[in-house]
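Chemist: Sequence below, structure please.
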Amino acid sequence: MRRPRLGVRARLLLAVVAAVTLALAVSVTAFTLLLSHRLSVSATSLARAQAQAKATSLEVRGGRLVAPETRDEGTSPGQVWVFAGGRQLEAPSGSAVLTAAVSALAGGPERAENVGEQTRLYALPVVVGGKRYGTVVSAVSLDAYEDTERTAFVGALMLAVVLLVAVAVLSRWMLGRALEPVSRMTADAAAWRASDLDRRFDLGEPYDELTRLAATLDALLEQIAASLRHEQRFTAELSHELRTPLARISGEAELMLRRERTPDEYRAALESIQRSADTMARTVEALVAAAQQEAGLTLTTSDVREVVSSAVGTTRQNGATVEIGVALPDEPVCVAVDGQLAERMLQPILDNATRYGRSTVNVTVARSNSVASVVVEDDGPGVAGDERDRIFEPGARGRASAGYDGAGLGLALAQRLARSAGGAITAEPAEDGGSFTLRLPLAP
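Modeler: Residues are numbered from 1 along each chain as shown. Predicted structure coming up:
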């Protein structure tokens with residue numbers, strides 16, 4: 001299918017001009033036909049009036065029609081013939097064709113008839129006392145009417161041309177103003193680069209179709225930018241978190257290949273590689289879970305008690321050296337979050353508590369209104385007030401983490417997962433122990 005080469009503005013302008021041209025053509029034609037009809041009626045009325053005026057001046061004497069001696073042909077706008085039977089009482093000068101046409105109307109009924117295109121004849125019977133005595137035929141020249149019709153047609157045609165030009169110019173200007181946002185949007189979009197995620201058309205509050213289109217495109221760009229940011233963040237977090245375990249695996253493998261080692265040393269190296277691989281697997285699972293949660297792909301529910309028990313069990317299996325106390329309610333506490341995702345949120349908090357706690361870690365589950373809370377407390381150095389929000393940023397670590405390994409990604413991931421599920425993680429600043437609270441919405 002061949003596509004039009006003209007732009008939208010040119011096609012709209014052509015459509016407007018074509019529609020106006022058709023409307024003007026119909027209007028001029030209708031005006032001309034109506035004017036021609038009215039002029040024809042006017043010419044017939046004038047001829048009839050002349051014939052009636054002449055008929056009223058005639059007399060019947062001795063049973064015969066007699067015309068008065070006073071005549072006014074010089075002041076009459078037309079010509080008048082008077083017939084008494086087949087005899088002409090009055091006959092102005094005229095061409096043979098006109099005279100023959102007038103004679104043919106004598107004795108006939110009242111009617112109008114044209115002679116060529118220049119003369120209108122009107123025959124009026126003269127009846128007195130119910131008896132017909134003759135016929136009056138009036139002739140009116142149509143030259144003046146045709147000249148009026150021609151002048152009116154030319155004037156209407158010129159007016160139509162002027163109106164068409166004015167409409168075309170005005171339409172071009174109005175279309176240019178109306179489509180100016182589209183031109184601006186096109187220029188802006190052509191100048192943007194793939195990295196310009198924050199650029200928007202920003203045409204203000206929508207008030208017509210084009211500004212609503214711009215607002216819709218801005219919303220679409222916002223969604224695309226958010227998706228790209230999520231992808232970039234996922235890639236950055238994945239590479240950042242996997243860098244350490246990959247380095248450990250590479251280092252252990254390099255040492256194993258560099259020299260011969262004892263079976264115990266090989267076993268210790270393989271166990272280190274396995275731990276690093278497990279760390280990588282958990283990291284990938286956490287990042288994928290975060291992406292699924294933010295995309296709204298997980299809509300299941302879970303019991304917080306089971307989530308806490310599973311997370312505590314995992315922490316103990318990882319070799320926690322502190323005592324972990326758990327206080328769970330007797331009734332189920334169901335939240336609108338998948339169990340594995342909820343465990344991914346809680347696990348980094350427990351890992352930090354067992355890492356920095358000196359001897360004990362306490363986990364308490366409670367519910368209030370529409371929120372379930374999991375409070376994790378330890379007897380470690382705690383969180384300083386100026387670190388309360390910063391420790392949830394990717395790569396950020398508190399002062400208490402000095403001397404400990406880690407990339408500072410666990411709490412950031414946990415916070416992002418919690419927020420994507422409608423919850424949050426907060427840290428209470430203290431110097432005699434750490435206190436973290438995971439809040440999740442209860443299932444309806």
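
Chemist: Please count neighbours and contacts with C-alpha atoms only from this point.
Modeler: Fine.

Chemist: Output the below-cut-off pLDDT ranges for the stretch 51-200 of the chain.
Modeler: The stretch 51-200 of the chain contains residues with pLDDT under 70 at 69-77, 194-197.

Chemist: now the strands for the stretch 101-250 of the chain?
Modeler: Using DSSP state E, counting those that start in this stretch, the strands assigned to the stretch 101-250 of the chain run over residues 111-115, 119-128, 131-141.

Chemist: quick check, residue 438 in a strand?
Modeler: Yes - assessed by DSSP: H, G, I helix; E, B strand; the rest coil, residue 438 belongs to a strand.

Chemist: buried sites along stretch 313-323?
Modeler: 314, 315, 316, 320, 322 (16 or more other C-alpha atoms under 10 Å).

Chemist: Quick check, the fourth one in contact with residue 354.
Modeler: Yes - in terms of C-alpha atoms under 8 Å, residue 320 counts as a neighbour of residue 354; the distance is 6.1 Å.

Chemist: Can you tell me the centre-most residue of the protein?
Modeler: The centroid of the chain falls nearest to residue 213 when counting by C-alpha atoms, centre = their mean (3.2 Å).

Chemist: separation between that one and residue 202?
Modeler: 11 Å (C-alpha to C-alpha, to the nearest Å).

Chemist: what's the answer for residue 315, then?
Modeler: In this view, residue 315 and residue 202 are 50 Å apart by C-alpha to C-alpha.

Chemist: Same check on residue 100?
Modeler: When residue 100 is compared with residue 202 (using C-alpha to C-alpha), they lie 85 Å apart.

Chemist: and the strand or helix carrying residue 252, what does it pack onto?
Modeler: Following DSSP states H and E, one finds residue 252 within helix 209-258. Judged by 3 or more C-alpha pairs under 8 Å, 6 or more residues apart in numbering; DSSP states H and E, the packing partners of helix 209-258 are helix 180-191, helix 263-294.

Chemist: residues contacting residue 122?
Modeler: By C-alpha atoms under 8 Å, 6 or more residues apart in numbering, residue 122 lies in contact with 44, 47, 48, 51, 110, 111, 112, 113, 137, 138, 139.

Chemist: what pairs with it across the strands?
Modeler: Per DSSP bridges, the residues bridged to residue 122 are residue 112, residue 138.

Chemist: could you check the angle strand 131-141 makes with the one helix or strand residue 50 maps to?
Modeler: Assessed by DSSP H and E, residue 50 sits inside helix 8-57. On the basis of axes from the mean of the first three to the mean of the last three C-alpha atoms, to 10 degrees, helix 8-57 is oriented at 140 degrees to strand 131-141.

Chemist: Tell me how far the residue nearest to residue 153 when sequence neighbours are not counted lies from residue 148.
Modeler: Computed as C-alpha to C-alpha, 6 or more residues apart in numbering, the closest residue to residue 153 that is not its neighbour in sequence is residue 32, at 6.1 Å. From residue 32 across to residue 148, the span is 11 Å (C-alpha to C-alpha).

Chemist: Please say which of those two ends up with more neighbours.
Modeler: Counted by other C-alpha atoms under 10 Å, residue 32 and residue 148 do not tie: residue 32 has more neighbours, with 19 against 15.

Chemist: pretty sure the more buried one contacts residue 151?
Modeler: No - between residue 32 and residue 151 there is no contact under C-alpha under 8 Å: 10.4 Å.

Chemist: For residue 405, report the pLDDT, please.
Modeler: Residue 405 is assigned 49 on the pLDDT scale.

Chemist: for residue 412, that is, sorry about that
Modeler: 79.

Chemist: Can you classify it as helix, strand or coil?
Modeler: helix.

Chemist: neighbours around it, how many?
Modeler: Neighbours of residue 412 using other C-alpha under 10 Å come to 21.

Chemist: again, but for the one 5 residues further on
Modeler: The tally of other residues near residue 417 (other C-alpha under 10 Å) stands at 27.
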